[in-house]
Each structure stands twice: as structure tokens, then as C-alpha cells.
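>>> Compute the structure for the input listed below.
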Amino acid sequence: QEQLVESGGGSVQPGGSLRLSCVVSYLLLDRNAIGWLRQAPGKEPEAVACISSSGQIQTFLQSVEGRFTVSRDDAKKTVHLQMNSLKPEDTGVYYCAARNYLCSPYRSAYVHRGQGTQVTVSS
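Have a look, this model is predicted:
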């Protein structure tokens, strides 16, 4: 049973945009915060942004503020990460992850995680 399934990754040139989607199954969005983590090549995963069970949005990386935003479609049980003005340093595998109610900037705080989707930003 896959609880979180990501899609929407791909290759894009610097300055481009992508919208990642995370379909949530077997979990209740009004009881779970959904976060986006990314793992750059050769680095540990880091929390990027999150939406809490009550709909509060938090951005954890200063480098993506103003460029990335999280949204949620409750009817479709889907959480999106809209990424604009992409930079090569945004390259990595992006995962959505879930934990109870509140967002956390710590990747280890998330209990459930999807398989990830690759984002490559390159000219």
C-alpha cells in the first residue's frame, strides 16, 4: 500500500517551472502535515516546505522562498509543490512525506515518505 505517490518531476532549463504532485492514500489530510523533502546529489535529504493539517504553509529553505509554494487539493487528496524560477542547485530527488498534524523542518520527523520524483535543472 503506497500512501504517498509523487509525480511531475523532469528536466527543465534554469528559469523554468515544474509542479510536483503528491497523491495521498490511506492517510487523512486533516490529520497529517505533508512536507516536501529533497535530496541533492551527494547530500542528505532536507525539508523544503510543508502544509500542515490545518492548511498552514511553511517554507524551510531560504533559497526557495518566493519561488516555491505548497498547495493542497482536499477533494483530490493531492498536495502540490509549485516550483518557479528553477536553478541548477534545485536539482535532486523530491519526496513528499507525512507526519501528524504539524509541519517540521526535520526530515526525520516525517513518518511516511513516497518514492520520490527526480528534478533536474540544467542548460
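>>> so the nearest residue to residue 7 once chain neighbours are set aside is in which element?
Leaving out its chain neighbours, the residue that sits closest to residue 7 by Cβ to Cβ, 6 or more residues apart in numbering is residue 21, at 5.1 Å. Using the backbone N, CA and C atoms, a C-beta is placed for each residue, glycine as well. Using DSSP states H and E, the element containing residue 21 is strand 18-24.
>>> ok, the next helix or strand after that strand: who's next to it in the sheet?
Along the chain past strand 18-24, the next helix or strand (assigned with DSSP H and E) turns out to be strand 32-39. Each strand paired with strand 32-39, and its direction, by DSSP bridges: strand 46-51 (antiparallel), strand 92-100 (antiparallel).
>>> which ones are touching the most centrally placed residue in the chain?
The geometric centre of the chain, computed from its C-alpha atoms, lies nearest to residue 36 (Cα atoms, centre = their mean), at 2.4 Å. Under the criterion of Cβ atoms under 8 Å, 6 or more residues apart in numbering, the contact list for residue 36 reads 20, 22, 47-50, 68, 70, 81, 94-97.
>>> Throw those into TSV and include pLDDT, distance to residue 11 and neighbour count, thanks.
As requested, the contacts of residue 36 are exported to TSV (pLDDT from 0 to 100; distance: Cβ to Cβ, whole Å; neighbours: other Cβ atoms under 10 Å):
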residue	pLDDT	distance to residue 11	neighbour count
20	98	14	23
22	97	20	26
47	97	24	23
48	98	19	25
49	98	22	24
50	98	25	28
68	98	18	21
70	98	22	25
81	98	17	28
94	98	13	25
95	97	18	24
96	97	20	30
97	97	23	25
